[in-house]
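Engineer: Quick one, structure for this:
(2 chains)
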Amino acid sequence: MPAEIYLNVAVSGLLTGLVYGLMALGLSVIFGVVRVVNFAHGEMMTIAMYLAVALFSAYKLDPLVMLVPIAAVLFALGYVMQRGLINPFINRPEHSQFMLLVAVALIMVNALLIAFGPDARGVQTSYAFASFALGPLIVDANKAYAALAAVAVAGGLFAFFRYTLLGKAIRACADNYAGALVVGLDVKQLYALTFAIGSACVGACGAMMVLLVDVTPPLGPTYTLLAFVIVITGGLGSMAGALLGGVLIGVTEAMGGLLFTPSAKSMFTFAILVVVLLFRPQGLLGKRLT
Amino acid sequence: MIHLLTDGVSRRALKLLAGLCLALIAAPLAASDYLITVLILVLYFAYVGQAWNIMMGFAGQLSLGHALYVGLGAYAAAALYVHFGVGPWLGLWVAMASAAAVGAVIGFLAFRFGVGGVYFAILTIAFAEFARIGFDHWSWLGGSAGLFLPVANYAHNDLLTLRGGPTMFYYVMLTMTGAAFVVCHALLRSRIGYYWLAIRESPDAAQALGIDIFRCKMVAVVVSAAMTSLGGVLFAFYYNNLFPEQIFHISRSIELILGPIIGGIGTLVGPIVGAFLLTALAETLSEILRWAGIDLPGIKQVFYGFCLLGVVMFLPDGVWPPLGRWLGLAREEGER
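Structural biologist: Numbers count the residues shown, from 1 in each chain, chains lettered A, B, ... in the order given. Purely as a prediction, here's the structure:
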């Protein structure tokens, strides 16, 4: 095989990886602050993907334009979930929270199955088969736009947590729960907002993801698992780690699909997880486990 | 031997238990074939639920990838039978050994590096998914096209090769479930059982008391994996077909843990009560849907989801602890 193929596949994996990274970022933000592992993460993304597909097939609305409204819908969903369901579980044992979200995930996947059926759905945008040629590189337009959008959203999130008062308040909750209460922060409200922000992330990500893959209900659990693997690989609670992990997994999947068979590509993802857990259990950019 | 099992259990509980056993033993005399197949399913879930409960209920390690051990057991025994003509009674040792070995690897990876709680759960799912995709590409075992056991004449029961009708499988499954109950009861009363409970309640305190928590957790995962794989062996010989896409799938892992969670994590009766409740509810739901002429794939899972949601929210200890008190039975040791 000529060397360009490897390069092309690596770039394509990198672009997909950035979208993965945004998905994992949502999970990481929620976990970092609320300390609840959102086991329905991938399922929420499939909800966003179906929203994008439905809007496209009904009104021909471009998924990238619909990114903002879809993220807003998921924001609301996340807010309501945290307020109504998860908040009473904040002080329950870890496995209890986990079961709660397993139940939510189970309901979401199968409700989607009932609503949309088992067939794969996708969108055919006007630029679906377009590509850019950069020297020997041929970059798929879909992937390029999706990755750009992912970087933009991630950048916005970084800025939000760094420069806005609300972002700082949320970080304060994550750093010191008791301290945040003492200085008079409405922690419950901030938790709900954090969960909503993480959900909006995954909603935006879903709108991009429909450009890359067709959606079926069972994709939900697959993406949940992928998001976890990325977050653990990149390092828990590290926002940069989530993006780095996403890129790493994206490139690995693409190369694995090229060198072996595409259907076996996620085996390499799990191999990376095992290697990371063996040699750097805190993740690539994570703080040392205590 | 007997007094070890009956110590600390009230007479009333023993009577009820004996009554239940007799009813289950006599069931095939009265029940239709359909009911027998439903009961086999109940007993299967009670058995694997009991095996899972050793890890989560006793030692406090949440495994969400137990379908891995079911699948390994099923494939090991089925492959030996299909390719080499080795019967299930020899094959089950290979099944148990391979599941125990894989369980030990996962346990070593996780416990050695202090990967606990939810991360451990993710690791177990990751291994199950790894196996699912791996077996999908393993052509010697049929790959994604599936592995099939030669189907025997159902009129003839052959216990040696486990070829026969539902009634035979019912009794085999009943024996296994009963044995699992007795084994778990004995484990709970043993030294390691108390160590497990200590680790579940507080790993740090347990370690401070000089308990080798790494070793104890390893024993839990190995015992649980080996027991679960036996369920897989029976699954293979009962259904006669195996598909990686089904047997290793995460929905199977979740299905398997619903019984003990709904029944009551960490109790001996919980997995059995949970399996009965859940299967009975699911079958009733299927009947109602059939009667109403509704055919919606996924509706059963939505129902499972709401059951799980309801139990986690309103009965965090499961159905059995309040039910047991209501029946006037002594609280079990090791109960949450």
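Engineer: CA atoms for contacts and neighbours, from now on please.
Structural biologist: Fine.
Engineer: and the residue positioned nearest the centre of chain B, what is it in contact with?
Structural biologist: For chain B, the residue nearest the mean C-alpha position is B:V48 (0.8 Å; Cα atoms, centre = their mean). When the contact criterion is Cα atoms under 8 Å, 6 or more residues apart in numbering or on different chains, the partners of B:V48 are B:227-228, B:231, B:256.
Engineer: same question, B:L109
Structural biologist: A:274, A:277-278.
Engineer: By neighbours, which of the contacts of B:V48 wins?
Structural biologist: Most neighbours among these, by other Cα atoms under 10 Å in any protein chain shown: B:T228, with 29 neighbours.
Engineer: check which helix or strand covers that residue.
Structural biologist: helix B:213-239 (DSSP states H and E).
Engineer: Name the residues of that helix that are buried.
Structural biologist: Across helix B:213-239, burial judged by 16 or more other Cα atoms under 10 Å in any protein chain shown covers B:213-214, B:216-238.
Engineer: same question, stretch A:90-109
Structural biologist: A:90, A:94-109.
Engineer: All the helices of chain A, residue numbers only.
Structural biologist: A:3-34, A:41-59, A:67-80, A:94-116, A:141-163, A:165-175, A:177-182, A:187-212, A:219-234, A:239-259, A:265-279 (DSSP state H).
Engineer: Let me know the average pLDDT across the longest one.
Structural biologist: The pLDDT scores in helix A:3-34 average 89.
Engineer: and it, what other elements does it pack with?
Structural biologist: strand A:137-140, helix A:141-163, helix A:165-175, helix A:187-212, helix A:219-234, helix A:239-259 (3 or more Cα pairs under 8 Å, 6 or more residues apart in numbering or on different chains; DSSP states H and E).
Engineer: Now that we have those, can you turn them into TSV and tack on distance to B:L92, mean neighbour count and mean pLDDT?
Structural biologist: Shown next, in TSV, are the helices and strands packed on helix A:3-34 (distance: least, Cα to Cα, whole Å; neighbours: other Cα atoms under 10 Å in any protein chain shown; pLDDT from 0 to 100):
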stretch	distance to B:L92	mean neighbour count	mean pLDDT
strand A:137-140	51	18	82
helix A:141-163	49	18	90
helix A:165-175	49	18	88
helix A:187-212	44	27	92
helix A:219-234	31	25	90
helix A:239-259	35	24	90
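Engineer: now for these, which one comes closest to chain B?
Structural biologist: Chain B lies closest, by Cα to the nearest Cα, to one member of the helices and strands packed on helix A:3-34: helix A:219-234, at 7.3 Å.
Engineer: and that closest one, anywhere near chain B?
Structural biologist: Yes - judged by Cα under 8 Å from any Cα of the partner chain, helix A:219-234 and chain B are in contact via A:225, A:228.
Engineer: counting contacts, what elements does that helix pack onto?
Structural biologist: Using 3+ Cα pairs under 8 Å, 6+ apart as the test, helix A:219-234 ends up in contact with helix A:3-34, helix A:41-59, helix A:239-259, helix A:265-279, helix B:117-136.
Engineer: Residues of the stretch 151-290 of chain A that sit close to chain B?
Structural biologist: A:225, A:228, A:263-264, A:266-267, A:270, A:274, A:277-278, A:281.
Engineer: ranges for the helices of the stretch 151-300 of chain B?
Structural biologist: Counting by DSSP state H, counting those that start in this stretch, the segments of the stretch 151-300 of chain B that form helices are B:166-189, B:191-201, B:203-208, B:213-239, B:244-247, B:250-263, B:270-292, B:299-314.
Engineer: Of these, which is nearest B:F84?
Structural biologist: helix B:213-239 (15.3 Å; Cα to Cα).
Engineer: and the closest one, is it in reach of chain A?
Structural biologist: No - Helix B:213-239 stays clear of chain A (Cα under 8 Å from any Cα), getting no nearer than 15.9 Å.
Engineer: Check which helices and strands that helix sits against.
Structural biologist: Checking 3+ Cα pairs under 8 Å, 6+ apart, helix B:213-239 ends up next to helix B:33-53, helix B:67-84, helix B:88-112, helix B:191-201, helix B:203-208.
Engineer: any idea how far the third one is from the chain center?
Structural biologist: So the one you mean is helix B:88-112. Remark: helix B:88-112 is offset 15 Å from the chain centroid, using Cα atoms, centre = their mean, to the nearest Å.
Engineer: Which of the helices and strands in chain B ranks last by mean pLDDT?
Structural biologist: Using mean pLDDT, DSSP states H and E, helix B:2-6 stands out as the lowest-scoring helix or strand of chain B, at a mean of 60.
Engineer: Excluding chain neighbours, what is closest to the residue in the stretch 151-290 of chain A positioned nearest to chain B?
Structural biologist: Residue nearest to chain B within the stretch 151-290 of chain A: A:M267 (5.5 Å; Cα to the nearest Cα). Residue nearest to A:M267 in three dimensions, not counting chain neighbours: B:F130, with 5.5 Å by Cα to Cα, 6 or more residues apart in numbering or on different chains.
Engineer: Can you report how many residues lie near that neighbour?
Structural biologist: B:F130 has 21 nearby residues by other Cα under 10 Å.
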